[in-house]
Every structure is written in C-alpha cells, then in structure tokens.
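[1] Next input, structure requested:
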Amino acid sequence: MKEKSIHRWLLIITIILIPIIILVSTMVKEKMDIPKFFTQDYEEAVVRLVLEEDLKFDPVVDDMLIGKQILAVEVLTGQYKGEIQEVINTIDQGHNVVTSVNQRIIVGITEQEDGISVWVYNHKRSTMLLALVTLFIGVMIYFGGKNGFYSIVALLFTSTMFIFVMIPCIFKGFNPMLITILCAVVSSVVSFILIGGYNQKSFVAIIGTISGIVAAGIISFIFGKMTYLTGVNMEKGTQLVYIVLDYGIKIKGLLFASILIASMGAVMDVSMSIASSMHEIYALNPKLSHKSLFQTGMKIGKDIMGTMANTLILAFMGGSLGLMLILWGYNMSFRQLINMPFLSVELIQGLSGSIGIILTVPFTALVASIIYRKSRS
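    The predicted model follows:
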C-alpha cells in the first residue's frame, strides 16, 4: 500500500513539475542577455498562386527538381498576417523547396526601407511531426496501458530535465559534466520508480544505471583527453565556438555530456532487464546463495550486453552515415582516416558507451544479489 501511495504521489508531482520547469526555464532565458543572431522573422504562409515556373530534373540526384518559381504567398501569422507578397523561389540541391498552390510553407521576412522582403525558407513540417508524436503516444498507451502512460510521463520528464534544465545551466556557465550527471541521476530515479514502481527492483536498476553511465563518461573523458579531443571536435563543434564567445559555456565537458546522454537509454534498459530477471528468479528460488544469484545475473547480462552494444554502435554509425560515405568516396588512407578528429570522437562515443553497458551488467548483478538476499535474511 505504501509503495502504491509513493508511486501515485511521484506521478502527480512529476506531472506538475514538467510545466513548472519549462516555465521557469523560459523565464530565465528571457532574462538572459542573448544576442540576436537572426534579424528576420519566420512565419507561416500559404502559396496562393504559382505565377511562373521553370523546373527541370537535377542531373546528379534522382527525382530532384531544380530551377525557379515565382509565387504569390499570403502570410498567415505574425505582424504581417494577411499580406500577399510576390516571392522568387530559387530551387537547387541546397535549398530544394518545391511548392504548389495551397501548400503551407514557412517564409523568412526581413524589414527594409521600402517595405518587407519575403523569401521561402522551408516546407511546413510541424503538422506531420505533431501527428507522429501523437501516433507514438497513442500506440504506447494503447498497447502499454498504465505502464505506457507512465513511460510517456517518464520520457517527458527526462526530456524536460535535459532540455530545460541541463542546457540553460550549461549556458549559465555550470560545469557540463556535473550538471549532466545530476540530470541523469534525477531522470533515472523518477523514470524507474514511475515505470517499475517504488521497490527493490527499481532501486537496483537505479544504482546499476548510474554506475554504468558514470563509467562510460569517465572512460570517454580519459580517452578524450589522451587523444586531445574537446567539445570543438563534436559535430557542429566549430559552429558552437561562435556561441561560446557570447556565453560562459565550458566547452571542455561537452563531449562527456553527449556520451553520457547517448548511452543512458541503453544502460537503463540493460540495468532494468537484469534487475527484473534476477528479482523473478530469486522469488522462485529464495535458497540461491549470494554467489549463485550473482552468477545468474551475469549469465542473463551476457545475453543482453552484445545486442545492446551493437545497438549503441549502430546508432552512432547511422547518425554519421552521410559523412562516412563522403570519407569513403575520397579514398583516404587508413592512417589519414583513423587519426581524424571526427572518427576519434565517434569511436570514443560508441566504444565508451558500449563499455558502460558491459560494466552495467556486473554492477547491477552485484547490487541485486546483495539487496535481494538481505531482504530475505
């Protein structure tokens, strides 16, 4: 009864905290002295007429149109709502936004001395993305029931912690490593209790997760330092340098933070799988010794760690597929390729995260064997 009461109160508090954290974070951002990087507004618009069109298929990319359109677009949002503007839409490989009549688009609007200048920025994608999010939530709740709902709340809380707590704190000059660990710990505790309940199983999974992600972070930090890598070598790291000039961001710890976040989901999965399996096994056979229970957890973990390590490595590879194709196309030598900062970052991220997953197995198995045995003694 006590466990259900704690779980219910945590669920209520978490649901209340999510909008409060977002609101406070937004207020803090508004008070920050943020330089205005974009001097134009981005508004929703609709194509009323295609006045002129000269399009042809790109000779390099299959089924891609390039050329020019002259459009009459009506602005639907912002201070220029209702105005109809004639827009020249240049279409190439880098800006491939082919439009048609009645299509919703996003336009950039710049104020000039003789009026406003409007240009086609991009397709409107927010509606379809919102539909996908709705589908995800619907599928999760329909097939998962209460646990599906708890998982959604846990995911929202985790996202809120990293987006609306970690990122603002980094921009305020906090140490990225410490603030990322703090957010990871809080998110793990809330997620496991919401999904698994307030019990020994969740407690074991929490300790196993924290041990695994911290191990992954420490390993990445050590090897990142030994290979002379910093946050500048991350994807978009060079662009990040220009933002660092305007804020007090400590860029050194960002590589650690990215690896910790990337490996957290897989580590949580491994930790809960082992904690849950060992709990059920010990419940069926409470005469198991400490050593036997630990060995059982290790056997379960060995079956899990291989596929989870593959999951993490393949996720990093998938995110870098375009760049890998470019590197292959340039026919670089092994010595040139292996010493590139980009490849070093990817290898450290993937392997550190995988080592974190592997180390999660003995950490979780050991903690589970101690706690489950003590509860019966």
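[2] Name the surrounding residues that touch the host helix or strand of Leu337.
    Using DSSP states H and E, Leu337 sits within helix 334-338. With contacts defined as Cβ atoms under 8 Å, 6 or more residues apart in numbering, helix 334-338 is touched by 327, 343. For glycine as for every other residue, the C-beta is placed from the backbone atoms N, C-alpha and C.
[3] Same question for stretch 368-377.
    Residues outside stretch 368-377 that contact it (Cβ under 8 Å, 6+ apart): 200, 203-204, 208, 274-275, 278-279, 282, 286, 290-291, 293-294, 297.
[4] just stretch 173-190 next, same as before
    Outside of stretch 173-190, the residues within contact range by Cβ under 8 Å, 6+ apart are 10, 14, 154, 157-158, 161-162, 165-166, 169-170, 206, 209-210, 213-214, 217, 221, 231, 247-250, 252-254, 256-257, 260-261, 264, 268.
[5] Out of the contacts of stretch 368-377, who's the most crowded?
    Gly208 (32 neighbours; other Cβ atoms under 10 Å).
[6] The one helix or strand Ala215 maps to: how far from the chain's middle?
    Taking DSSP H and E as the definition, one finds Ala215 inside helix 200-226. Computed by Cα atoms, centre = their mean, to the nearest Å, the chain-centroid distance of helix 200-226 equals 18 Å.
[7] do stretch 51-65 as well
    On Cα atoms, centre = their mean, the centre of stretch 51-65 falls 35 Å from that of its chain.
[8] next SSE after the longest strand along the chain?
    Looking across the chain with DSSP state E, the single longest strand is strand 41-57. Downstream of strand 41-57, the first helix or strand assigned by DSSP H and E is strand 65-75.
[9] So what are the sheet partners of that next one and their directions?
    strand 41-57 (antiparallel), strand 84-91 (antiparallel) (DSSP bridges).
[10] What's the local residue count around Arg373?
    Residues near Arg373, counting by other Cβ under 10 Å: 16.
[11] Now it: which helix or strand?
    Going by DSSP H and E, Arg373 is in helix 341-376.
[12] so where do the helices sit in the stretch 201-350 of the chain?
    Assigned by DSSP state H, counting those that start in this stretch, the helices in the stretch 201-350 of the chain fall at 237-244, 254-284, 290-319, 321-329, 334-338, 341-376.
[13] Now do the same for the longest one: mean pLDDT, whole number.
    The predicted model gives helix 341-376 an average pLDDT of 84.
[14] follow-up on the earlier one: pull the longest strand of the chain out as CSV, backbone CA atoms only.
    Extracted C-alpha coordinates of strand 41-57, given in CSV (Å, rounded to 0.1, in the frame of the first residue of the first chain):
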residue,chain,number,x,y,z
ASP,A,41,11.1,36.7,-38.6
TYR,A,42,9.9,33.3,-39.7
GLU,A,43,6.2,33.0,-40.3
GLU,A,44,3.7,30.5,-41.7
ALA,A,45,2.4,31.3,-45.2
VAL,A,46,0.3,29.7,-47.9
VAL,A,47,1.0,29.6,-51.7
ARG,A,48,-2.0,31.3,-53.4
LEU,A,49,-0.6,31.3,-57.0
VAL,A,50,2.3,29.9,-58.9
LEU,A,51,2.9,32.9,-61.3
GLU,A,52,5.8,31.4,-63.2
GLU,A,53,7.8,28.2,-63.1
ASP,A,54,10.9,26.9,-64.7
LEU,A,55,11.9,23.5,-63.3
LYS,A,56,13.9,20.6,-64.5
PHE,A,57,15.3,17.4,-63.1
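[15] quick one: it to chain centroid distance?
    Per Cα atoms, centre = their mean, the centroid offset for strand 41-57 relative to its chain is 33 Å.
[16] try stretch 215-228
    21 Å.
[17] Export that stretch to CSV, keeping only CA atoms.
    Extracted C-alpha coordinates of stretch 215-228, given in CSV (Å, rounded to 0.1, in the frame of the first residue of the first chain):
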residue,chain,number,x,y,z
ALA,A,215,31.7,4.6,-16.1
ALA,A,216,31.0,5.4,-19.7
GLY,A,217,31.5,9.1,-19.0
ILE,A,218,34.8,8.6,-17.1
ILE,A,219,36.2,6.4,-19.8
SER,A,220,35.3,8.9,-22.6
PHE,A,221,36.7,11.7,-20.5
ILE,A,222,40.1,9.9,-20.0
PHE,A,223,40.4,8.8,-23.7
GLY,A,224,39.2,12.1,-25.0
LYS,A,225,41.9,13.9,-23.0
MET,A,226,44.6,11.4,-24.2
THR,A,227,43.6,11.8,-27.8
TYR,A,228,43.4,15.6,-27.5
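[18] sorry, back to before: next, the angle from the helix holding Ala215 to helix 290-319.
    Put simply, helix 200-226 runs at 50 degrees to helix 290-319, going by axes from the mean of the first three to the mean of the last three Cα atoms, to 10 degrees.
[19] in helix 200-226, what counts as buried?
    By neighbour count on 16 or more other Cβ atoms under 10 Å, the buried set for helix 200-226 is 200-221, 223-224.
[20] hang on, the earlier thing: mark which of the contacts of stretch 173-190 are buried, thanks.
    Judged by 16+ other Cβ under 10 Å, buried ones among those: 10, 14, 154, 157-158, 161-162, 165-166, 169-170, 206, 209-210, 213-214, 217, 221, 231, 249-250, 252-254, 256-257, 260-261, 264, 268.
[21] what's stretch 61-69 in contact with?
    Here stretch 61-69 makes contact (Cβ under 8 Å, 6+ apart) with 50, 52-58, 88-93, 96, 98-99.
[22] Between its first and last residues, what's the separation in it?
    Stretch 61-69 has an end-to-end distance of 20 Å (Cα to Cα, to the nearest Å).
[23] now that stretch, how far from the centre of its chain.
    32 Å.
[24] Leaving out sequence neighbours, find the closest residue to Ser320.
    Spatial nearest neighbour of Ser320, chain neighbours left out: Glu346 (5.8 Å); criterion: Cβ to Cβ, 6 or more residues apart in numbering.
[25] Good, we can wrap up now.
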